[in-house]
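Trainee: Below is the sequence, then the predicted model.
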Amino acid sequence: MAKILKALSSIKLTFLLFGLLILAIGLGTLFPQQGTPEELIKTFGKAGYERFKALGLFDLYHTWWFMLLGFALFVNLSFCAWERLKGRQVLVYSWNELKRQRLRYSSIAFHMGFILCFIGLLISFLLAQEGEVTVYTGKQAQISIKGEDTKLAKLASWKIGSLEPLAFLKPMRNMVLGLRLERFETEYEWHQGVKYPRSVKGKLALAMGPMTVDKEADPYFPRDWRSTLALYNDGKLVKRKTIEVNDPVHYRSITFYQASHEQKLDLLIGETGKRVAVLSGEPFEVPGLPGKFKTGTVYLGILYKRDKTREELTPRTTLFSLPKEGEKGDLGRPEKLGELVEGRPLKIQGLTLTMANVQEGSGLSYRYDPGVPVLWVATSIILVGMTIRVYGLLGKG
């Protein structure tokens, strides 16, 4: 028994498990995670896709062997911490004592911090949920954090015959949170870009030096998207914040990120009173015209010009006709028909189209993760341990 405990608390085992974990994470970086089968088959081929899928490399962080590896490291660090703590004083009662035994206390902080990290990761694994929602200006939407959708709920429903021995693990009640998009702001700027070659040969030529690239100007380069969100719980306003990329809003372990935006508009057909509801970038049909069409991005909001002035944009976009199925080459590319400007008619094949009622929606991704606060505490403890070890507080003593 003593030999087993000694092996479980071995530093050599710690380095081995850390090395294997780093190797696994490296594989998770190299192989795309949770891609669609079509995309993965296109990249790796049918045989490669089947082989790598069997090893779990396309969803590596949810494989049994990755979780087993993490659990083994957790057990190892727990036994290491126990070996260093048993029979010893843990609390610090004086500054001089901390200085004298800084290496031991830094080791304690490291071990406790890593153990707490694994606890936080376990909470995230069992309870975390994520999703996406699109909400338009002035409109409301709801998200539901459902306890029965968690991995903990699946674990709690495990049965032996008719018995559920883990039923006591059944998780929290459902949480419903309301969202209202009070304002959505889009900003563009004049941008001087570079026209890079698309072919592999052209990219190699550019890297080697003999090839130069042309410059191209983009007068509508995206600068920022901002969403003013109001969050409601049980019908009461609980938080309001203007978010943008890399500046999310947090509420009770739920984080909302600015992920994308969506645009919709109406196309009025002549003076018939008919209208076609259009989602920007998606194919649609126009009664009286053959084929299918789509619009490009609708530019509206604020444009920062090259001379540093700003302009409030009148909504505008480009209308394309889509190629017929099976057409290749130039015939297989969308054909530009003209520019649609809100309130300004555009004549196509004898039919007048007018863009109206342009609306922008905010694409939000959200994640419920109660393990994050535990991870913050754990990393703080590890940083304290690093500070004690590296700087020795006031030097040797």
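Mentor: Yes, it's here.

Trainee: contacting residues around Arg183?
Mentor: Applying CB atoms under 8 Å, 6 or more residues apart in numbering, we find Arg183 in contact with Thr137, Arg226, Ser227, Thr228, Thr242. Any C-beta I mention is one placed from the backbone N, CA and C, and that applies to glycine too.

Trainee: Give the PyMOL command for selecting the buried subset of the residues you listed.
Mentor: The PyMOL command for the buried members of these (criterion: 16 or more other CB atoms under 10 Å) is given here:
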select buried, resi 137+226+227+228
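
Trainee: Dump the contacts of Arg183 into TSV; add distance to Ser78 and secondary structure as well.
Mentor: Converted to TSV, the contacts of Arg183 look like this (distance: CB to CB, whole Å; DSSP: H, G, I helix; E, B strand; the rest coil):
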residue	distance to Ser78	secondary structure
Thr137	51	strand
Arg226	46	strand
Ser227	43	strand
Thr228	46	strand
Thr242	44	strand
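
Trainee: Out of the contacts of Arg183, flag the one nearest to Trp65.
Mentor: Ser227 (40.3 Å; CB to CB).

Trainee: these two touch, right, that closest one and Leu181?
Mentor: Yes. Under the criterion of CB atoms under 8 Å, Ser227 makes contact with Leu181 at 6.0 Å.

Trainee: Find residues that contact each of the two.
Mentor: Ser362.

Trainee: domains of this protein?
Mentor: 2-128+386-391, 129-183+230-368 (automatic domain parsing).

Trainee: Select, out of the ones you listed, the one closest to Trp376.
Mentor: Taking CB to CB, domain 2-128+386-391 is the member of the domains of the chain nearest to Trp376, at 8.3 Å.

Trainee: what about Leu351, how many residues close to it?
Mentor: 14 (other CB atoms under 10 Å).

Trainee: cool, the one 10 residues further on as well?
Mentor: Other residues within reach of Gly361, judged by other CB under 10 Å, total 21.

Trainee: Hmm, Ala259 and it touching each other?
Mentor: No. Taking contacts as CB under 8 Å, Gly361 lies outside contact range of Ala259: 11.6 Å.

Trainee: Nearest to Phe44 among the contacts of Arg183?
Mentor: Closest to Phe44, out of all of the contacts of Arg183 and judged by CB to CB, is Ser227, at 37.4 Å.

Trainee: Just list whatever residues bridge to the closest one.
Mentor: Phe184, Ile243 (DSSP bridges).

Trainee: Please give me every residue in contact with it.
Mentor: Contacts of Ser227 (CB under 8 Å, 6+ apart): Leu181, Arg183, Phe184, Glu185, Thr242, Ile243, Glu244, Gln258, Ser362, Leu364.

Trainee: tell me the contacts of Trp64?
Mentor: Gly56.

Trainee: and the gap between it and Phe71?
Mentor: Distance of Trp64 to Phe71, computed by CB to CB, to the nearest Å: 10 Å.

Trainee: now do Phe79
Mentor: Applying CB to CB, the value for Phe79 to Phe71 is 13 Å.

Trainee: neighbour count winner among those two?
Mentor: Applying other CB under 10 Å to Phe79 and Phe71 shows that Phe79 carries more neighbours, namely 20 against 12.

Trainee: In three-state terms, how would that one be classified?
Mentor: helix (DSSP: H, G, I helix; E, B strand; the rest coil).

Trainee: wouldn't it be in contact with Ile4 here?
Mentor: No. Phe79 is beyond contact range of Ile4, at 9.7 Å (criterion: CB under 8 Å).

Trainee: Can you show me the helices along the chain?
Mentor: Counting by DSSP state H, the chain has these helices, from start to end: 2-8, 11-30, 37-54, 64-85, 95-100, 102-127, 151-156, 200-208, 372-391.

Trainee: So which of those is nearest Lys294?
Mentor: helix 37-54 (21.6 Å).

Trainee: and the closest one with helix 11-30, angle?
Mentor: 160 degrees (axes from the mean of the first three to the mean of the last three CA atoms, to 10 degrees).

Trainee: Dump the C-alpha coordinates for helix 37-54 into CSV.
Mentor: The C-alpha coordinates for helix 37-54 follow below in CSV (Å, rounded to 0.1, in the frame of the first residue of the first chain):
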residue,chain,number,x,y,z
PRO,A,37,-18.4,15.9,-41.6
GLU,A,38,-18.4,17.5,-45.0
GLU,A,39,-15.7,20.0,-44.1
LEU,A,40,-13.5,17.3,-42.4
ILE,A,41,-13.8,14.8,-45.3
LYS,A,42,-12.8,17.6,-47.7
THR,A,43,-9.7,18.3,-45.6
PHE,A,44,-8.6,14.8,-44.6
GLY,A,45,-10.3,12.5,-47.1
LYS,A,46,-12.8,9.8,-46.4
ALA,A,47,-10.2,7.3,-45.0
GLY,A,48,-8.4,9.9,-42.9
TYR,A,49,-11.7,11.3,-41.5
GLU,A,50,-12.8,7.8,-40.4
ARG,A,51,-9.4,7.0,-38.9
PHE,A,52,-9.1,10.3,-36.9
LYS,A,53,-12.8,10.2,-35.9
ALA,A,54,-12.3,6.8,-34.3
